[in-house]
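[1] dropping a prediction and its sequence here:
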Amino acid sequence: MSFVTEFKEFAVKGNVVDLAVGVIIGGAFGKIVDSVVNDLIMPLVGKVVGGLDFSSYYIALAGQPSGLPLADAKKLGAVFAWGNFVTVALNFAILAFIIFLMIKQINRLRQEPPAAPAAPAPTPEDIVLLREIRDSLKR
């Protein structure tokens, strides 16, 4: 079998196509979760802790003046961008939780319903005949 033929068989298998679709949907879903975290959750967290943009919190490591926007502070030297890290970590936690819920539902749907109790096995013919003989003798 040639290399091209093997690759063609591999590429058109259902698993590869399913994986490709999953990666594309996962990328789009990741953008939705990014938006939820960055546009909805983190502004509320920032409001609670007294800041306007939580992702812009940092500790200057190169002697930058305080109060600069994060992008400007990075241009002047190294920064410890802990606010951005917290935002990304929260984004990951939410995404992992949502994926967990989705997998849990998929597994629940994949489970087969409990099987009905099996009907008793039919009585062998010789036993049936012996019972008929027994019943006829009792009369």
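    Structure received.
[2] use CA for all of it now, contacts and neighbours both
    Will do.
[3] where does pLDDT dip in this structure?
    Counting by pLDDT under 70, the chain contains low-confidence residues at 1, 14, 51-54, 139.
[4] residue contacts, the residue nearest the centre of it?
    Among the residues of the chain, the one closest to the centroid is I99, at 2.1 Å (C-alpha atoms, centre = their mean). Under the criterion of C-alpha atoms under 8 Å, 6 or more residues apart in numbering, I99 has no neighbours.
[5] how close does it sit to A116?
    Computed as C-alpha to C-alpha, to the nearest Å, the I99 to A116 distance reads 33 Å.
[6] show me what A60 is bridged to.
    Counting by DSSP bridges, A60 is bridged to V79.
[7] now it: how far from A118?
    The gap separating A60 from A118 is 72 Å, by C-alpha to C-alpha.
[8] just E6 next, same as before
    Distance of E6 to A118, computed by C-alpha to C-alpha: 46 Å.
[9] thinking again about what came up before, more neighbours, A60 and A118?
    Remark: of A60 and A118, A60 carries more neighbours, 20 against 6, as counted by other C-alpha atoms under 10 Å.
[10] so the more buried one touches W82, yeah?
    No - look at A60 against W82 with C-alpha atoms under 8 Å: they stay out of range, at 10.6 Å.
[11] with that, I have no additional questions.
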